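Engineer: This is a predicted model, with the sequence first.
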Amino acid sequence: MAKVLLAEDDGRIAQFIRRGLEAEGYVVDVAGDGRDALALAQNSEYAIIILDRMLPGLDGLTLCQSLRKDGCASLVLMLTAKDSLQDKLDGLNGGADDYLTKPFAFDELIARMQALLRRGHSSPATGVLRVGDLVLNPADRSVKRGQRQIVLTAKEYALLSYLMSNAGQVISRSRLLNNVWSYNFEPGTKILDVYIRYLRKKIDDGEEHPLIHTMRGFGYRMAEEPPRTEARDSGTP
């Protein structure tokens, strides 16, 4: 069963989650301080890190960013009492794979973890992806367009990887949300539009031929040449 790092400073919550996870068969390490959690994550491999946003010593967002900078590939499920869209964007943009707002039902936590593990096991991690002069190398998670190196956050990388893995296809909004984000995001959410804008700014701005195309009413398509029905703006399809 998967090994889990639980970083939670509330002892009662930590004990409740730990007991529940161990009853489900998970192996659980617990840290009540951000610096302790960072040390554990740097010295052991975890399938999932359950990370409280408000940790003493080192806050959860900074901790997550540090882990991603160090190349940590563990799935990160961030727990927080903050539930605004901007808070969720900050967490996901900081490298978290999912975001669960307190208070939550334990069954939902388990469902989120299982969904993350399924996506993690099925994600394409072999073979260099190419669309035009854009190259994504899963071996070192590098992205280049021509001679230009592109730095992406964890979620931007996941979105780009999925688009490039399905190059030439029109991918619906719901399909992107289900495969790149947690199942709890509704099709009407603006988070996909935000991240498409992030990717366009990093990949297509200043380039003669854009690669990310909006298919109005359908979703998005990644290809060297835009289809005739492509939307002329970068807004929501």
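Structural biologist: Structure received.
Engineer: Past the helix or strand bottoming out on mean pLDDT in the chain, which element shows up next along the chain?
Structural biologist: Across the helices and strands of the chain, mean confidence by mean pLDDT, DSSP states H and E is lowest for helix 85-93: a mean of 74. Downstream of helix 85-93, the first helix or strand assigned by DSSP states H and E is strand 98-101.
Engineer: Give the rounded mean pLDDT of the helix or strand just after that following strand.
Structural biologist: Going down the chain from strand 98-101, the next helix or strand is helix 106-122, by DSSP H and E. For helix 106-122, mean pLDDT rounds to 80.
Engineer: Which other helices and strands does helix 106-122 contact?
Structural biologist: helix 11-23, strand 48-52, strand 75-80, strand 98-101 (3 or more CB pairs under 8 Å, 6 or more residues apart in numbering; DSSP states H and E). Yep, even glycine has a C-beta here, placed from its N, CA and C like the rest.
Engineer: Adding mean pLDDT and mean neighbour count, write those out as JSON lines.
Structural biologist: Formatted as JSON lines, these follow (pLDDT from 0 to 100; neighbours: other CB atoms under 10 Å):
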{"stretch": "helix 11-23", "mean pLDDT": "92", "mean neighbour count": "15"}
{"stretch": "strand 48-52", "mean pLDDT": "93", "mean neighbour count": "26"}
{"stretch": "strand 75-80", "mean pLDDT": "88", "mean neighbour count": "24"}
{"stretch": "strand 98-101", "mean pLDDT": "86", "mean neighbour count": "21"}
